[in-house]
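Enquirer: Predicted model follows, preceded by the sequence.
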Amino acid sequence: MLRQAGEQLLEQRHTNVVLVAAVQLSRLPLNPFRRKAERAIAQAYMLYQQAKMLAKLSHDILNFINPQTLAIEELAQRCGPVSADQKKHLKTLWKQKDLIEESIRDLLELERLVELRMEGKWRMRGYHLGELAQASIAAYEAKAKGRGVVLEAALSPCPDGIGDPRSIRRIIDNLVINALKFTPTGGRILVQVQPAGANLRLTVIDTGVGIPAEDLPRIFDQFYQGSNHPGLVQGTGIGLSNVKEFVNLHKGSLRVDSELEHGTTFVIELPSMSRVQEFDAAMVDPETLAGKAA
């Protein structure tokens, strides 16, 4: 089945890497190595199909949440005076709704990564890190204000970066969301962008509760929950693991420094356009390569 599907893709000039690998493998002599490789490819293809199914389910769940958002807004704004206890419950509902939305978006980005890599459609292009940071701050400024947290930026002029702009934006979003979860009322979150040699440096600093030293080595592990999560500060444990995955795909680096009750600083370095030659040409948008060559 895999071979037949792969042959069809080759005829149509598509490049699903799993199916194309199945075709190439089928042309080798039958031996124990080939059998093991065929099993591995079949498992990878099954995971790819599951990723597509999960992406569809995630989109459906987001569509189901939209009416709930409208209902909460109606209750909060148009149903007359509410008691302090009712306000508390509405606030809890809103926080949980936000948590579900962000968790689903993390799942969608994870599934998108699987699909892009399996289908050979991963494309890197030029982008402006400062513009992506500004867009992220604009998206979460109202939420920060509602929690009594100052969200601000310090954006220095930078050369263009090379990467997938959507993934870079999700890196910034996830770090801002994480900072908002753990920064109490009266706190501050600062997003910095500056050049760093052949790289671009993104720094997100918060004055939140901090991360225990024993948790630091594991905070980028998938599904990991820190030991100091207060009450409703929860999540899927996917957000920061996605950040690490995106940074690694861009041949970047990341580090985190934290002190309990004083805050946390995430520092990420991503390649500028000057490093475009480090990436496989097949991964880079042709117009970007042409512009760099010119």
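Expert: Yes, it's here.

Enquirer: helices and strands of the protein: which one has the lowest mean pLDDT?
Expert: helix 2-11 (a mean of 43; mean pLDDT, DSSP states H and E).

Enquirer: got a list of what residue 288 touches?
Expert: Residues near residue 288 by Cβ atoms under 8 Å, 6 or more residues apart in numbering: 124, 125, 126, 162, 276. For every residue, glycine as well, the C-beta is placed using N, CA and C.

Enquirer: The second one touches residue 279, doesn't it?
Expert: No. Residue 125 lies out of contact with residue 279 (Cβ atoms under 8 Å); the separation is 11.0 Å.

Enquirer: Helices of the stretch 101-250 of the chain, residue ranges please.
Expert: Here the stretch 101-250 of the chain has its helices, by DSSP state H, counting those that start in this stretch, at 129-146, 165-182, 239-249.

Enquirer: which one of these lies closest to residue 157?
Expert: Closest approach to residue 157 among the helices of the stretch 101-250 of the chain (Cβ to Cβ): helix 129-146, 7.6 Å.

Enquirer: what residues does the closest one touch?
Expert: Here helix 129-146 has contacts from 98, 150-153, 155-158, 161, 165, 168-169, 172-173, 176-177, 180, 189, 191, 193, 200, 202, 270, using Cβ under 8 Å, 6+ apart.

Enquirer: what about 6 Å?
Expert: Residues outside helix 129-146 that contact it (Cβ atoms under 6 Å, 6 or more residues apart in numbering) are 151, 153, 155, 158, 161, 168-169, 172-173, 176, 191, 193, 200.

Enquirer: For residue 275, which non-adjacent residue is spatially closest?
Expert: In space, and not counting its chain neighbours, residue 275 is closest to residue 198: 5.4 Å by Cβ to Cβ, 6 or more residues apart in numbering.

Enquirer: got it, and residue 148?
Expert: Residue 148 sits nearest to residue 185 (Cβ to Cβ, 6+ apart), 3.6 Å away.

Enquirer: How much space separates residue 194 from residue 91?
Expert: For residue 194, the distance to residue 91 (Cβ to Cβ, to the nearest Å) stands at 36 Å.

Enquirer: repeat for residue 32
Expert: 61 Å.

Enquirer: Settle it for me: which of those two has more neighbours?
Expert: residue 91 (15 against 7; other Cβ atoms under 10 Å).

Enquirer: per-residue confidence for the more buried one?
Expert: pLDDT recorded at residue 91 is 74.

Enquirer: how much space between it and residue 184?
Expert: From residue 91 over to residue 184 the distance is 15 Å, taken as Cβ to Cβ.

Enquirer: got any ranges where the stretch 51-200 of the chain has weak pLDDT?
Expert: Scanning the stretch 51-200 of the chain for pLDDT under 70 picks out the ranges 51-59, 62-64, 66, 68, 73, 75-80, 115-121.

Enquirer: need the strands for it, in chain order.
Expert: 125-127, 150-155, 161-163, 188-196, 199-206 (DSSP state E, counting those that start in this stretch).

Enquirer: returning to what we had before: and among the helices of the stretch 101-250 of the chain, the most buried is which?
Expert: helix 165-182 (a mean of 22; mean count of other Cβ atoms under 10 Å).

Enquirer: Output it as CSV, nothing but the C-alphas.
Expert: Extracted C-alpha coordinates of helix 165-182, given in CSV (Å, rounded to 0.1, in the frame of the first residue of the first chain):
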residue,chain,number,x,y,z
PRO,A,165,7.8,33.2,10.4
ARG,A,166,4.7,31.3,11.8
SER,A,167,6.9,29.1,14.0
ILE,A,168,8.9,32.1,15.2
ARG,A,169,5.8,34.0,16.1
ARG,A,170,4.6,30.9,18.1
ILE,A,171,7.9,30.9,20.0
ILE,A,172,7.3,34.5,21.1
ASP,A,173,3.6,33.8,21.8
ASN,A,174,4.4,30.8,24.0
LEU,A,175,7.0,32.7,26.0
VAL,A,176,4.7,35.6,26.6
ILE,A,177,1.8,33.2,27.5
ASN,A,178,4.2,31.4,29.9
ALA,A,179,5.2,34.7,31.5
LEU,A,180,1.6,35.8,31.9
LYS,A,181,0.7,32.5,33.7
PHE,A,182,3.4,33.1,36.4
